[in-house]
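Chemist: Only the shape, not the letters, is given here:
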């Protein structure tokens, strides 16, 4: 996966998708304005802020990367996570709970939002090619295939210093997963939910991490899932012809090659009402 090509985003209670023409669709809860993307244009990538399901969580934000390297944001801005209008030369974006990360063309990383756990301490990162935001930690991949992590390490989710030969990374609530060039998957962090039970996966080309579950896409377009399935978010075994996935707190999205989107999991806020979407597409490399 190239930097900046994410066509889907899944948050706590909402979903977003980037259409072929650079416009953006959204479904789900809009209490904080996180679905207010109808006027966005020229977008090449999207990201949705996610947080684990709890009584005191729910407000979120959405980020869009424009073709010229500028960044759009809408939704909850209580910690300045949407203060990204001045960013330039951005090639990829990631959104977590109360924060936003932006990858610059020179391989360095910008951060906006809450840093109480050190999750925004990414200023020293160099030669980065991929980013992901968990609840309280951030993860990245360098050009040499090594992993980076910052933030809460309570369950060992940042213990990735010895990972090598990576192509992609995804961060959840208290776990981190990454794809190696050989298609195998590494995992670190909380193992009680089963989200780290990915050691047998093969031929994986892309990953997404929800709060308590992990989803992977194989080279043949099949989808793998591990972890909490209390809302059916892991019921994706029959999906086929999938090009990309996104994982929210308790729901999963799958982008089919024809531009339509499948969904599974919690739909309490209509975040899975994406069956009418079409033309969802990442820009060509």
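Modeler: Cool, got the structure. Small disclaimer: the values here were computed from a predicted structure and weren't measured.
Chemist: pLDDT (mean, whole number) over the one helix or strand residue 102 maps to?
Modeler: Assigned by DSSP states H and E, residue 102 falls within strand 99-104. Strand 99-104 carries an average pLDDT of 98.
Chemist: could you say what helices and strands that strand packs with?
Modeler: strand 61-66, strand 71-75, strand 90-96, strand 109-113, strand 128-133 (3 or more C-beta pairs under 8 Å, 6 or more residues apart in numbering; DSSP states H and E). C-beta here means a position set from N, CA and C on the backbone, and glycine is covered the same way.
Chemist: These into a markdown table, with extra columns for distance to residue 26 and mean neighbour count?
Modeler: As requested, these are exported to a markdown table (distance: least, C-beta to C-beta, whole Å; neighbours: other C-beta atoms under 10 Å):
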| stretch | distance to residue 26 | mean neighbour count |
| --- | --- | --- |
| strand 61-66 | 7 | 27 |
| strand 71-75 | 9 | 23 |
| strand 90-96 | 13 | 27 |
| strand 109-113 | 20 | 23 |
| strand 128-133 | 19 | 25 |
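Chemist: With mean pLDDT and distance to residue 103 as extra columns, can I get those strands in a markdown table?
Modeler: What follows is these, written out as a markdown table (pLDDT from 0 to 100; distance: least, C-beta to C-beta, whole Å):
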| stretch | mean pLDDT | distance to residue 103 |
| --- | --- | --- |
| strand 61-66 | 98 | 9 |
| strand 71-75 | 98 | 11 |
| strand 90-96 | 97 | 4 |
| strand 109-113 | 98 | 6 |
| strand 128-133 | 98 | 5 |
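Chemist: Kindly reformat those as TSV containing distance to residue 265.
Modeler: Output for the helices and strands packed on strand 99-104, formatted as TSV (distance: least, C-beta to C-beta, whole Å):
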stretch	distance to residue 265
strand 61-66	19
strand 71-75	21
strand 90-96	19
strand 109-113	26
strand 128-133	19
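Chemist: distance of residue 217 from residue 242?
Modeler: Separation of residue 217 from residue 242 (C-beta to C-beta, to the nearest Å): 5 Å.
Chemist: okay, these two: which has more neighbours?
Modeler: Set side by side, residue 217 and residue 242 show unequal neighbour counts under other C-beta atoms under 10 Å, the larger going to residue 217 at 25 against 22.
Chemist: so how far is residue 21 from the closest residue to that one other than its chain neighbours?
Modeler: Nearest non-adjacent residue to residue 217, counting by C-beta to C-beta, 6 or more residues apart in numbering: residue 206, 4.4 Å away. The gap separating residue 206 from residue 21 is 23 Å, by C-beta to C-beta.
Chemist: With neighbour numbers in mind, choose between those two.
Modeler: When neighbours are counted by other C-beta under 10 Å, residue 206 and residue 21 differ, and residue 206 comes out ahead with 22 against 10.
Chemist: Which elements pack onto the helix or strand hosting the more buried one?
Modeler: Using DSSP H and E, residue 206 sits within strand 204-209. Here strand 204-209 touches strand 166-171, strand 175-180, strand 213-218, strand 242-247, going by 3+ C-beta pairs under 8 Å, 6+ apart.
Chemist: picking up where we left off before, out of the helices and strands packed on strand 99-104, nearest to residue 260?
Modeler: Distance to residue 260, taken as C-beta to C-beta, is lowest for strand 61-66 among the helices and strands packed on strand 99-104, at 20.7 Å.
Chemist: What's the local residue count around residue 258?
Modeler: 11.
Chemist: give me the low-pLDDT residue ranges for the stretch 1-150 of the chain?
Modeler: Residue ranges of the stretch 1-150 of the chain with pLDDT under 70: 1-5.
Chemist: ok, now how distant is the residue nearest to residue 217 from residue 8?
Modeler: According to C-beta to C-beta, residue 206 and residue 8 sit 11 Å apart.
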